[in-house]
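Enquirer: Pasting the sequence and the predicted coordinates here, then a few questions.
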Amino acid sequence: MWGLAAAFYLYGFFQRVTPAALAHELAKELAPTATALGWLSATYFYCYALMQLPSGLLADKFGPRRLFIGASAAAAIGTLLFAFAESFLTAAIGRGIIGGAAAVGWIGMLKLAAHWFSPQKFASVSGLSLAVGTCGAVLAGFPLRLLSDAFGWRIVVAGSAGFALLLLVAMIIILRDDPVERGYRSWAPAPQTEDALAPITIRESLLALPLRDLVLLCLGQTAVTGSMTMMAGLWGVPFLTTVFDITGKTAVGLTSLMMVGFAVGSLIFGPWSDRLGRRKKPLMTGTICVLAGYVILASGLTLHSLWGTSLLLWLIGIGAGSMVVSFAYGKDLVGGHRTATITALVNLSVTLGSIGLQPLFGAILDWRWNGLMVEGVRRYDSNAFQWGFAATAAWLLLTVIAQWLTRDTAIPAKMKVSTPPAK
């Protein structure tokens, strides 16, 4: 059950970062400026963010299975639309459909995890889930670049829609919302408790939550993943090719190290949080590491060394993997109830960073552009990128302060669970 949801999340992550490997082609055919390319990439995140709360509320009310089935079909349609787009608007609509469908992935996966795994394993399973999804980003790096060079980017992206269609069939046949449907014990809170606490409207939902701590937690997540996605999903390749004069293939491969680090970090910070019995310390540690990484990039200390910069990007990816703890953090703040809704709130804040940072970084690059054009595409110097890194570091500093002010929580020792009916 978890594997099917994780496979869909992997697909969504693949689509999320494809603009990085295809940045040159997209700039030539669909988005001629850095600002336009940033907006095209961010369209995914706009619709992804828009669908967060609806997806969470619907998953809590109807279960994730129905959402996954609809999302798989929509993702396939959006992918085909993007693959064969002849204008910026059509490509943006396709990206938007993909983003809206992908919004179900993380929410539905953690909703399933809350039913199929014990609370004491939730952060560890979340970390493993993020690691699997990150594999999709790795596939959207060097492998996508090689296939695009061989067959053309449109054919490869269109072919990826077939994976979504296979998942659609598998989810219809196999996926179930709760272990009770297979005759096993459920780890979810007892139905009567869940029903008694479940609000009917978004307003009632918000009033029933510990708003101060959730607001601080969400503010603290607006830049960690967004800053990593900004580099791994779009601007890392132009940065490396410009500053170090390397090929696009090499840059894509090195940028993929961030996603590998992201996966490693999720497998480090999630289990560490479960063993520690706390959420705040691992989350703060990772965020501070990401902040330090961007301060170093902004200072230009590593710009003389390709391998030093690549190592720094990898370490930023590891630190960003700590974000997986934020979902367990939010779940603990509300006592394990309304898992999908809380996941949606936290994931919305995570997405806001990607929405804001990608176009912001692009606007800064255009602002500092010196007029150089190479093969019909704008070329930005290292100084322009350093200004972008400085703005990113400033945003990260604000998130560190927000996380520091968030109340810490302990993992519940026990949780009442429901049992399957007698056969």
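Expert: Received the coordinates, thanks. Numbering: from 1, shown residues only.
Enquirer: hang on, isn't Leu397 packed against Val290?
Expert: No: the criterion here is C-beta atoms under 8 Å, and Leu397 misses it with Val290 at 10.7 Å. Quick note: C-beta positions are derived from backbone N, CA and C, even for glycine.
Enquirer: ok, these two, which is more surrounded?
Expert: For Leu397 and Val290, the more surrounded residue by other C-beta atoms under 10 Å is Val290, and the numbers stand at 29 against 15.
Enquirer: For Ala393, see how far away the residue nearest to Arg154 when sequence neighbours are not counted is.
Expert: Excluding its sequence neighbours, the residue lying closest to Arg154 (C-beta to C-beta, 6 or more residues apart in numbering) is Ala83, at 5.0 Å. According to C-beta to C-beta, to the nearest Å, Ala83 and Ala393 sit 36 Å apart.
Enquirer: what about Asn383, neighbour count?
Expert: Neighbours of Asn383 using other C-beta under 10 Å come to 11.
Enquirer: Please apply the same query to Thr247.
Expert: Counted with other C-beta under 10 Å, Thr247 comes out at 11.
Enquirer: who are the neighbours in contact with the closest residue to it other than its chain neighbours?
Expert: Leaving out its chain neighbours, the residue that sits closest to Thr247 by C-beta to C-beta, 6+ apart is Thr241, at 7.3 Å. Counting by C-beta atoms under 8 Å, 6 or more residues apart in numbering, Thr241 makes contact with Thr247, Gly248, Ala251.
Enquirer: what are the phi and psi values for the first one?
Expert: Thr247 has phi and psi values of phi -70, psi 160 when expressed as degrees, to the nearest 10.
Enquirer: Can I take it that the residue nearest to Thr247 is in a helix?
Expert: Yes: Thr241 sits within a helix when classified using DSSP: H, G, I helix; E, B strand; the rest coil.
Enquirer: Pull up the gap between it and Arg368, please.
Expert: Thr241 is 17 Å from Arg368, by C-beta to C-beta.
Enquirer: Which strands and helices lie in contact with the helix or strand that contains Ala75?
Expert: Assigned by DSSP states H and E, Ala75 belongs to helix 64-83. For helix 64-83, the elements it packs on are helix 2-21, helix 52-62, helix 88-116, helix 153-173, judged by 3 or more C-beta pairs under 8 Å, 6 or more residues apart in numbering; DSSP states H and E.
Enquirer: closest to Leu219 out of these?
Expert: Leu219 lies closest to helix 52-62 among the helices and strands packed on helix 64-83, at 15.5 Å (C-beta to C-beta).
Enquirer: Tell me how many other residues crowd Cys135.
Expert: 18.
Enquirer: Double-check it against Ser266; I have them as touching.
Expert: No: shown here, Cys135 and Ser266 do not form a contact pair, counting by C-beta under 8 Å, at 11.4 Å.
Enquirer: can you pull out the strands in the chain?
Expert: Counting by DSSP state E, the chain has these strands, from start to end: 373-374, 377-378.
Enquirer: now the stretch 51-200 of the chain, which segments are flagged as low pLDDT?
Expert: 189-200 (pLDDT under 70).
Enquirer: got the buried residues for stretch 381-391?
Expert: Ala384, Phe385, Gln386, Trp387, Gly388, Phe389, Ala391 (16 or more other C-beta atoms under 10 Å).
Enquirer: Send me that stretch as CSV with only the CA atoms.
Expert: The C-alpha coordinates for stretch 381-391 follow below in CSV (Å, rounded to 0.1, in the frame of the first residue of the first chain):
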residue,chain,number,x,y,z
ASP,A,381,27.9,35.9,-14.2
SER,A,382,28.9,34.6,-10.7
ASN,A,383,28.1,38.0,-9.1
ALA,A,384,24.5,37.7,-10.1
PHE,A,385,24.2,34.2,-8.6
GLN,A,386,25.8,35.4,-5.4
TRP,A,387,23.1,38.1,-5.0
GLY,A,388,20.5,35.3,-5.4
PHE,A,389,22.2,33.2,-2.8
ALA,A,390,22.3,36.1,-0.4
ALA,A,391,18.6,36.7,-0.7
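Enquirer: Begin at 58 from now on, thanks
Expert: Sure thing, new numbering starts at 58, so read that last one as stretch 438-448.
Enquirer: what is the mean pLDDT for it?
Expert: Taken as a whole, stretch 438-448 carries a mean pLDDT of 91.
Enquirer: Chain neighbours aside, what residue packs nearest to Ala215?
Expert: Distance criterion C-beta to C-beta, 6+ apart; nearest residue to Ala215, sequence neighbours excluded, is Ala140 at 3.8 Å.
Enquirer: Now do the residue nearest to Thr304 against Asp331, distance only.
Expert: From Thr298 to Asp331 the distance is 40 Å (C-beta to C-beta).
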